[in-house]
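**Q** Take this sequence and fold it.
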Amino acid sequence: MKKVLPITFSVLLLAYMVYGIVLSHDGTDMSGVCKGVSLYVRDSLEYGTVSRTMVMDMLKDNGLDPTGKPVGKLYLDSMEHVLCSHPFIRTAECFLTSDARLRIDITSKMPVARVRGSLGQDFYIDEYGSILPCRGVAVNVPVVTGNVNRKTASGTLLELLNIIAADEFWKAQVEQINVTARGQVQLVPRVGAQILELGSMEDFRGKLDRLKHFYDKGLGDIGWNKYSSISVAYKGQVVCKKRK
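**A** Here you go, the predicted model:
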C-alpha cells in the first residue's frame with residue numbers, strides 16, 4: 001500500500017505536466033485546431049475602410065489563413081505584421097481565446113479629408129497627417145482643392161481638417177476646402193451658395209467659432225443666400241458681401 005501511493009501520485013503529476021504542455025499560458029488548448037475568427041475593428045464603422053473579407057484575404061495571401069489549422073501553428077506575430085502593412089490599418093492585435101478562436105482587434109486609420117491639389121495630387125489624409133491612398137476607396141469626407149500639397153495638408157492645414165472632422169455641425173456643413181494661390185483658405189458649404197472666407201492658415205478654431213455664432217444668430221433671420229461670401233479672415237470681424 002505504501003508503494004501504490006507514491007506511484008499513483010507520480011502518474012497524476014506526469015499527467016498534469018503533459019496537460020500543461022498542450023495549454024497556453026492563458027489556458028487555451030494548444031493541441032486542437034482553430035475554431036473560428038472573431039474580428040473587431042475600432043473606428044471604422046462610419047467609413048468601412050477595413051472589412052472582414054479584406055483581413056482574411058490578406059492572411060490567406062500570406063500563407064497565414066487560420067482556418068482549420070492547429071492552434072499551436074498559428075503565427076500571431078506574423079499576422080499582426082502583415083495586417084499592419086495595410087495603409088488603412090493603424091494597429092492589429094492577434095490572440096487566442098480560451099475556446100480556441102482567433103481574435104483580431106484592429107484600429108483603422110480615419111481619413112479626415114481627400115486632397116486633390118492643383119498639381120494632380122490625389123490622396124486621403126488621416127487625423128495624424130498620414131497620407132493614405134484613395135484608389136479603390138470611397139470615403140465621404142471634405143475635399144481639399146487648390147494650392148495644397150502633402151506638406152501643407154499634413155502641416156498647417158491639418159488643424160482645420162481635424163476641427164471639422166470632430167465637430168458635428170462643421171462635419172455636416174463643409175463640402176470643400178479650397179486654398180487659393182496666395183494661401184488663403186475658403187470653405188464651400190453643402191447648404192447655401194456663399195463662400196466662407198477663413199483667410200490665412202491661423203486661428204482656425206477662433207474663426208470657425210465666430211462663423212458658427214453668425215450662422216446661429218444672423219443667417220437664420222437674414223436668409224442663407226443673401227450673401228455671396230462671408231469672411232472671418234480678420235480677428236473680431238464678420239464681413240459679408242451681398243449677392244448682386
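
**Q** so who does Leu74 touch?
**A** Neighbouring residues of Leu74 by Cβ atoms under 8 Å, 6 or more residues apart in numbering: Cys34, Leu64, Pro66, Leu96, Leu102. C-beta here means a position set from N, CA and C on the backbone, and glycine is covered the same way.

**Q** rerun that using 10 Å as the cut-off
**A** Applying Cβ atoms under 10 Å, 6 or more residues apart in numbering to Leu74 gives the contacts Met30, Val33, Cys34, Leu64, Asp65, Pro66, Cys94, Phe95, Leu96, Leu102.

**Q** just Ala92 next, same as before
**A** Contact analysis of Ala92 by Cβ under 10 Å, 6+ apart lists 41, 50, 55, 58, 79-86, 104-108.

**Q** For this protein, which segments count as helices?
**A** 4-21, 52-61, 76-84, 150-153, 158-166, 168-173, 204-214, 220-222 (DSSP state H).

**Q** what separates the fourth one from the chain centre, distance-wise?
**A** It refers to helix 150-153. Remark: helix 150-153 is offset 19 Å from the chain centroid, using Cα atoms, centre = their mean, to the nearest Å.

**Q** okay, the helices of the chain, which one's buried deepest?
**A** For the helices of the chain, ranked by mean neighbour count under the definition mean count of other Cβ atoms under 10 Å, the leader is helix 158-166 at a mean of 19.

**Q** hmm, who's touching that helix?
**A** Against helix 158-166 from outside (Cβ under 10 Å, 6+ apart): 110-113, 115, 125-129, 141-142, 144, 152-154, 170-174, 177, 185, 187, 198, 201-205, 207-209.

**Q** mind exporting that helix as PDB, just the C-alpha atoms?
**A** Coordinates of the C-alpha atoms in helix 158-166 are reproduced here as PDB (Å, rounded to 0.1, in the frame of the first residue of the first chain):
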ATOM      1  CA  LEU A 158      -4.300  69.600 -40.500                       C
ATOM      2  CA  GLU A 159      -5.600  71.600 -37.500                       C
ATOM      3  CA  LEU A 160      -8.600  72.800 -39.600                       C
ATOM      4  CA  LEU A 161      -9.300  69.300 -41.000                       C
ATOM      5  CA  ASN A 162      -9.400  67.800 -37.500                       C
ATOM      6  CA  ILE A 163     -11.600  70.600 -36.200                       C
ATOM      7  CA  ILE A 164     -14.100  69.900 -38.900                       C
ATOM      8  CA  ALA A 165     -14.000  66.100 -38.500                       C
ATOM      9  CA  ALA A 166     -14.600  66.400 -34.800                       C
END
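
**Q** If anything else comes up later, I'll come back, but that's it for now.
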